[in-house]
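Participant: Predicted model and sequence below, questions to follow.
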Amino acid sequence: MLTAQSTPQEIRQAIRKGDYRTHTSGLAKGYVQCNLVILPNQLADEFRQFCQLNPRPCPIIATSQFPGDFRVEQAGNDIDIRTDFPAYQIFKNGKFSEQVPDISSIWQEDFVAFLLGCSFSFEEALLSEGIEVRNISEQKNVPMYKTNIPCKSAGRFSGNMVVSMRPMKAADAIRAIQICSRYPSVHGAPVHFGDPSLIGIKDLSQPDFGDAVTIHDDEVPLFWACGVTPQLAIMNAKPELCITHSPGCMLVTDLKNSDFAIG
């Protein structure tokens, strides 16, 4: 059984063997987890610019060193991004096609991979300060929602931000904002808290991705920029083929969360 004490190597091997196929929240305490976007090389520069213009939802942690590079050695030893995510989503001409456990059979030599920062990194910082993270305590995938917050466009890539939500009491919310501000490379501080309708969310019990969590009467919802945001931009760009992680199913890298803290 994989736990917070499992090493990144143990987790990647279990995923590679097909022994683990669900969300990775709470695993490998201390290590950075990453979202994924894979595109043909001809679109890589435009997508890189989209990320640079929208660093809150799309913080780049590492990229392929050359087209066809599936090792992405900046993220760790013996990584194979074709096999080391629990689940992948395939998009064709901007439309979701299927979810698969392995992309080795469809890998192309012109593919460029982008590994983007993940909110699971700052969840650890919150837990270490005694702040409950509801999706972890309820053993659920974090709830994620589409919003009306526009991203800056780059070439063919455009769209609104996706956010992840964690409910907290007011005092904990203030502390969470302070803590997460130290982690700009993994989404940083919340982009909104309070009334979800102000950012276009109608019903917190119906997330667009992930699972709904309990929200108590004395709690306020906090919303962080989310690495699922590129999936909406991909739908708008309509590339012939694109691959992403399945929401919540991340790559566990050998990078340390502490190395991305500032201040």
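Facilitator: Yep, that arrived.
Participant: residue contacts, Y20?
Facilitator: Y20 is in contact with 2, 11, 14, 86, counting by C-beta atoms under 8 Å, 6 or more residues apart in numbering. For glycine as for every other residue, the C-beta is placed from the backbone atoms N, C-alpha and C.
Participant: Ignoring the adjacent residues along the chain, who's closest to the third one?
Facilitator: Put plainly, it is A14. Y20 (4.4 Å; C-beta to C-beta, 6 or more residues apart in numbering).
Participant: any idea how far the one you found lies from K140?
Facilitator: 16 Å (C-beta to C-beta, to the nearest Å).
Participant: Grab the nearest non-local neighbour of R71.
Facilitator: Using C-beta to C-beta, 6+ apart, the closest residue to R71 is I79 (6.0 Å).
Participant: whoops, P143 was the one
Facilitator: P143 sits nearest to P207 (C-beta to C-beta, 6+ apart), 3.7 Å away.
Participant: swap in V163?
Facilitator: Counting by C-beta to C-beta, 6+ apart, the residue nearest V163 is F223, at 4.1 Å.
Participant: Name whatever forms a beta bridge with that neighbour.
Facilitator: Counting by DSSP bridges, F223 is bridged to M165, H192.
Participant: quick one: it from P167, how far?
Facilitator: Distance of F223 to P167, given as C-beta to C-beta: 10 Å.
Participant: just L198 next, same as before
Facilitator: From L198 to P167 the distance is 16 Å (C-beta to C-beta).
Participant: the more surrounded of those two?
Facilitator: Neighbours were counted for L198 and for P167 using other C-beta atoms under 10 Å; P167 has more, 22 against 12.
Participant: Can you report phi and psi for the more buried one?
Facilitator: Torsion angles at P167 (phi, psi; degrees, to the nearest 10) stand at phi -90, psi 140.
Participant: That one contacts D218, correct?
Facilitator: No - contact criterion C-beta atoms under 8 Å: P167 and D218 do not qualify, at 9.8 Å.
Participant: helix/strand/coil for the residue nearest to G227 when sequence neighbours are not counted?
Facilitator: Nearest residue to G227 in three dimensions, chain neighbours excluded: N35, at 3.4 Å (C-beta to C-beta, 6+ apart). Counting by DSSP: H, G, I helix; E, B strand; the rest coil, the backbone at N35 sits in strand.
Participant: tally of neighbours for N35?
Facilitator: The tally of other residues near N35 (other C-beta under 10 Å) stands at 29.
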